[in-house]
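**Student:** missing the sequence, but the structure's below:
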Ligand code: ADP
Ligand code: MG
């Protein structure tokens with residue numbers, strides 16, 4: 001009786017059967033990689049179970065007459081239940097994103113991802129799978145002619161493993177399926193897609209030789225004969241020399257292995273000998289994984305011991321600040337049956353992790369130096385993680401990471417390193433100025449910033465929540481302290497101007513006292529500003545906490561709310577100041593009310609809403625109506 005495919009499987013299968021995808025050849029790569037995975041599993045088992053003996057290999061057979069192509073492996077095989085669940089249901093890994101993809105994207109998925117077993121139906125109208133698992137005595141056969149389901153019956157297969165037989169479709173006007181029954185095509189495809197598989201892929205190949213004693217001019221001097229040849233070089237791609245690898249090969253490997261649509265933005269390949277002997281192939285993705293900045297994301301590298309995969313995601317190999325790196329490490333120094341628990345204490349693993357850490361750091365540094373444009377793209381994707389890295393662990397890694405950071409700045413609105421900022425500092429400039437806000441646009445219009453920028457100082461524009469925490473953690477760079485332009489104690493004025501200001505403050509000390517009293521719940525001080533140019537008022541802070549930090553901290557889910565110490569600054573050159581001075585003499589109640597309104601204005605500039613918007617609105621309307 002025929003069993004129907006599960007819905008998702010059917011969808012994928014339909015797509016394969018009707019595929020107009022031009023690179024149908026990838027079906028072979030998929031089936032060979034399944035065969036290799038199956039052998040991996042048995043190989044791994046054999047390490048602890050000495051009763052398993054096997055010649056680990058894959059064999060391809062072509063039968064032109066019957067139009068079949070078969071791929072046999074000596075791997076772990078499948079039980080009846082496994083046949084049912086593995087081939088009757090869509091496999092999770094390869095087709096993870098398939099559900100959401102529409103038809104056009106689907107073509108892309110076929111090409112870039114590999115969709116697994118069902119790709120066989122791109123070239124075959126019937127597929128038979130004979131398999132015998134080491135878990136059960138009897139062999140089974142799975143047969144399907146496509147979308148209308150499959151059957152499972154007994155098989156007479158003798159040895160352990162799996163044979164997948166494809167009944168190749170007939171040639172049509174625009175598709176020459178027969179090429180997949182051609183020895184040379186198959187050889188070429190194995191070389192192209194599966195050369196690095198660790199097990200020999202064997203096939204009967206035809207050769208010709210001169211008959212013994214035959215003369216050159218003899219018409220029948222040549223004879224053909226067949227031998228079972230190994231088609232692949234079996235060197236894992238990461239063990240090959242860089243010069244023997246094309247970019248295309250590496251990119252394809254990355255996409256297949258690490259589930260990405262895009263080529264990697266950076267490949268870091270190395271072989272190391274010394275305290276730790278290992279080969280590694282690391283990749284920086286071009287786009288962050290969709291769940292990268294969520295807690296679902298799991299960092300880690302694939303870990304191999306002498307070519308045998310022992311762990312899919314070894315988190316211990318990567319520090320959090322480089323968690324975006326994907327790739328693999330292969331070392332001879334690790335024992336094969338290492339477990340997750342023992343791993344954490346493995347000395348060798350720690351040494352490797354340290355060495356990788358350094359390698360990634362150096363590679364990012366030289367990327368920044370030599371290919372700024374692409375580094376900036378990288379930084380836009382993953383810079384946040386580096387900034388977290390500076391802040392995390394009480395700043396333990398800040399010195400390592402500080403030169404990898406980029407911030408926007410008032411210097412042509414470009415991204416800059418801190419070192420570049422410092423190199424542009426004015427002669428007498430002591431501090432590195434920064435300003436925080438939601439966007440560059442908003443920051444550049446902050447009243448607090450005007451006079452600083454006009455005086456020719458560069459200001460770093462911090463737009464990410466984490467930025468100011470990172471800067472605070474750094475504390476200084478090259479002996480220069482960081483300074484928030486919205487902190488109260490910035491003084492750019494000449495001595496002469498400072499004196500002038502002091503005079504004004506003395507003269508109007510009563511005015512400030514009255515306003516301070518009126519706002520005593522809201523601000524710790526009211527003062528004459530030495531930074532405002534056009535704006536009437538602004539908020540600054542005294543103490544360590546800035547208003548931006550207050551916002552970030554208070555947006556976190558805790559009951560403990562923090563408050564920055566606010567200072568209301570008033571522009572002594574603005575018409576409103578004269579008005580306030582007049583009110584001090586004529587109407588102190590009104591002065592208090594104005595103080596309130598000015599505070600709300602200053603807070604609004606910082607993006608803080610009034611506590612009582614209705615009251616605020618009413619008062620503004622009253623004033624307008626006068
Ligand atoms: P994936 O390889 O990504 O898991 P596939 O569609 O290629 O997805 O394969 C589905 C599943 O079928 C595999 O995960 C494996 O369990 C099983 N399978 C496929 N081919 C073989 C094989 N030659 N030997 C044993 N199991 C196999
Ligand atoms: Mg597969």
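**Tutor:** Right, received. Where do you want to start? Please read these numbers as outputs of a predicted model, since none were measured by experiment. Numbers count the residues shown, from 1 in each chain. Ligands and ions are numbered 1, 2, ... in the order given.
**Student:** look up phi and psi at the residue nearest to residue 334 when sequence neighbours are not counted.
**Tutor:** Nearest residue to residue 334, sequence neighbours excluded (C-beta to C-beta, 6 or more residues apart in numbering): residue 305, at 4.5 Å. C-beta: built from backbone N, CA, C; applies to glycine. Here is the backbone geometry of residue 305 (degrees, to the nearest 10): phi -120, psi 110.
**Student:** same check, this time on residue 130
**Tutor:** Residue 130 has phi and psi values of phi -100, psi 130 when expressed as degrees, to the nearest 10.
**Student:** now residue 230
**Tutor:** When read as degrees, to the nearest 10, the backbone of residue 230 gives phi -90, psi 130.
**Student:** so it bridges to which residues?
**Tutor:** In this structure, residue 230 bridges to residue 202 when assessed by DSSP bridges.
**Student:** in contact with it, which residues?
**Tutor:** Residues counted as contacts of residue 230 (C-beta atoms under 8 Å, 6 or more residues apart in numbering) are 200, 201, 202.
**Student:** separation between the residue nearest to residue 334 and residue 333?
**Tutor:** Computed as C-beta to C-beta, to the nearest Å, the residue 305 to residue 333 distance reads 8 Å.
**Student:** who has more neighbours, the two?
**Tutor:** A count of neighbours by other C-beta atoms under 10 Å puts residue 305 above the other of residue 305 and residue 333, at 20 against 16.
**Student:** which strand residues bridge that one?
**Tutor:** In this entry, residue 305 is beta-bridged to residue 308, residue 331, by DSSP bridges.
**Student:** hmm, it is touching residue 332, no?
**Tutor:** Yes - counting by C-beta atoms under 8 Å, residue 305 touches residue 332, with 7.2 Å between them.
**Student:** strands of the stretch 1-150 of the chain, residue ranges please.
**Tutor:** 58-63, 68-73, 124-132, 139-144, 150-155 (DSSP state E, counting those that start in this stretch).
**Student:** tabulate the contacts of residue 230 (CSV), appending neighbour count and pLDDT.
**Tutor:** Output for the contacts of residue 230, formatted as CSV (neighbours: other C-beta atoms under 10 Å; pLDDT from 0 to 100):
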residue, neighbour count, pLDDT
200, 17, 96
201, 26, 97
202, 18, 98
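**Student:** whichever residue of the stretch 151-300 of the chain sits closest to ligand 2: neighbouring residues, count only.
**Tutor:** Closest contact between the stretch 151-300 of the chain and ligand 2, by C-beta to the ion, is at residue 256 (9.7 Å). For residue 256, the tally of surrounding residues (other C-beta under 10 Å) stands at 18.
**Student:** show me where pLDDT drops low in the chain?
**Tutor:** Confidence mapping of the chain against pLDDT under 70 gives the ranges 19-22, 89-115, 308-309, 335-341, 344, 491-495.
**Student:** and it, which residues reach ligand 1?
**Tutor:** Proximity of the chain to ligand 1, by C-beta under 6 Å from any ligand atom, involves residues 30, 34-35, 37-38, 73, 75-78, 86-87, 91, 93-94, 116-117, 162.
**Student:** helices - which of these land there?
**Tutor:** Mapping the residues of the chain next to ligand 1 onto helices (DSSP state H) picks out 30, 34, 35, 37, 38, 86, 87.
**Student:** show the contacting residues for the fifth one.
**Tutor:** By C-beta under 8 Å, 6+ apart, the contact set of residue 38 is 73, 75, 76, 77, 161, 162.
**Student:** need the nearest residue in space to the fourth one, chain neighbours excluded.
**Tutor:** Nearest non-adjacent residue to residue 77, counting by C-beta to C-beta, 6+ apart: residue 133, 3.8 Å away.
**Student:** domain assignment for this protein?
**Tutor:** As given by automatic domain parsing, the domain ranges for the chain are 7-211+220-230, 237-378, 406-485, 494-626.
**Student:** looking at those, spot the one closest to residue 388.
**Tutor:** domain 406-485 (5.9 Å; C-beta to C-beta).
**Student:** quick one, phi/psi of the closest residue to residue 322 other than its chain neighbours?
**Tutor:** Nearest residue to residue 322, sequence neighbours excluded (C-beta to C-beta, 6+ apart): residue 360, at 5.1 Å. Dihedral pair for residue 360: phi -60, psi -40, per degrees, to the nearest 10.
**Student:** pretty sure residue 169 is touching residue 127, no?
**Tutor:** No - if you go by C-beta under 8 Å, residue 169 and residue 127 don't touch, sitting 11.2 Å apart.
**Student:** so between those two, which is more surrounded?
**Tutor:** Each of residue 169 and residue 127 has its neighbours counted (other C-beta under 10 Å); residue 127 has more, 22 against 19.
**Student:** which stretches of the stretch 351-500 of the chain form helices?
**Tutor:** For the stretch 351-500 of the chain, the helices defined by DSSP state H, counting those that start in this stretch occupy 372-391, 398-401, 418-423, 440-444, 447-454, 467-474, 495-507.
**Student:** just put those in CSV and tack on distance to residue 52 and mean neighbour count.
**Tutor:** Formatted as CSV, the helices of the stretch 351-500 of the chain follow (distance: least, C-beta to C-beta, whole Å; neighbours: other C-beta atoms under 10 Å):
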stretch, distance to residue 52, mean neighbour count
helix 372-391, 43, 19
helix 398-401, 46, 17
helix 418-423, 58, 16
helix 440-444, 63, 16
helix 447-454, 71, 19
helix 467-474, 53, 21
helix 495-507, 86, 12
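**Student:** would you mind giving those helices as a markdown table with distance to residue 247 added?
**Tutor:** As requested, these are exported to a markdown table (distance: least, C-beta to C-beta, whole Å):
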| stretch | distance to residue 247 |
| --- | --- |
| helix 372-391 | 15 |
| helix 398-401 | 29 |
| helix 418-423 | 31 |
| helix 440-444 | 36 |
| helix 447-454 | 45 |
| helix 467-474 | 35 |
| helix 495-507 | 61 |
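**Student:** among those helices, which is nearest ligand 2?
**Tutor:** Closest to ligand 2 of these is helix 372-391 (C-beta to the ion; 28.7 Å).
**Student:** check which helices and strands that closest one sits against.
**Tutor:** Under the contact criterion of 3 or more C-beta pairs under 8 Å, 6 or more residues apart in numbering; DSSP states H and E, helix 372-391 touches helix 347-370, helix 398-401, helix 467-474.
**Student:** many thanks, have a good one.
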